[in-house]
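# Provided below are the primary sequence and the corresponding predicted coordinates.
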Amino acid sequence: MESKTSEFGALAEKYASEFLQSRNYTVLALNYSKPWGEIDIIAEKGGVLVFVEVKANSKEITGFEPELRVNREKLKRIVRAARTYLADKRCGPDQEWQIDIISITIDNQRKVAKIKHFKNIEA
């Protein structure tokens, strides 16, 4: 049985995938996982691979926005998992890629209240 937290996370990832697709991204994979890190969504747009970290809150609280939970350590794990994905897929050294964060606030009726997309986050 899924916990409320994992259910909420899956819902946030579903909304994030739909958001990306509505902006002409192609979603290639969900929940790419290695022992040293996980990537919520791997997408592609214009030849650029985009590794997306999804963070969500159930209410909007100033100073506790979802994107603030992506710290330097989390970014390092995402970069390592991204590099592993690139190697697994035998991507060449010229393959462009970036890390994005999608921050979502979901209301009590499980509807999206707000989505913010932070592109090409520096690791």
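Good, I have the coordinates. Residues are numbered from 1 along each chain as shown.

# contacts and neighbour counts: CA atoms only from here.
OK.

# where does this structure dip in pLDDT?
1-2, 123 (pLDDT under 70).

# Please enumerate the strands of it.
Under the criterion DSSP state E, the chain contains strands at 26-34, 37-45, 48-57, 97-106, 112-118.

# what angle sits between the fourth one and strand 112-118?
For the pair strand 97-106 and strand 112-118, the angle between their directions (axes from the mean of the first three to the mean of the last three CA atoms, to 10 degrees) equals 160 degrees.

# Equivalent analysis for the second one, please.
Counting by the same axes, to 10 degrees, strand 37-45 lies at 80 degrees to strand 112-118.

# helices or strands up against strand 37-45?
Using 3 or more CA pairs under 8 Å, 6 or more residues apart in numbering; DSSP states H and E as the contact test, the elements touching strand 37-45 are helix 4-22, strand 26-34, strand 48-57, helix 72-88.

# follow-up on the earlier one: can you tell me which of the strands of the chain is nearest to Lys4?
The closest of these to Lys4 is strand 48-57. By CA to CA, the value is 12.7 Å.

# so what strands line up beside the closest one?
strand 37-45 (antiparallel), strand 97-106 (parallel) (DSSP bridges).

# Please save the CA atoms from the last one in CSV.
Backbone C-alpha positions of strand 97-106 (Å, rounded to 0.1, in the frame of the first residue of the first chain) are rendered in CSV as follows:
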residue,chain,number,x,y,z
TRP,A,97,21.7,18.5,-20.9
GLN,A,98,20.5,20.5,-18.0
ILE,A,99,18.8,20.2,-14.6
ASP,A,100,15.4,21.8,-14.0
ILE,A,101,13.2,22.0,-10.9
ILE,A,102,9.5,22.0,-11.1
SER,A,103,7.8,23.3,-7.9
ILE,A,104,4.1,22.5,-7.4
THR,A,105,1.6,23.5,-4.8
ILE,A,106,-1.4,21.2,-4.8
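
# and that strand, how far out from the chain's middle?
Put simply, strand 97-106 sits 5 Å off its chain's centre (CA atoms, centre = their mean, to the nearest Å).

# Out of the strands of the chain, which is the most enclosed?
strand 48-57 (a mean of 23; mean count of other CA atoms under 10 Å).

# Sounds good, over and out.
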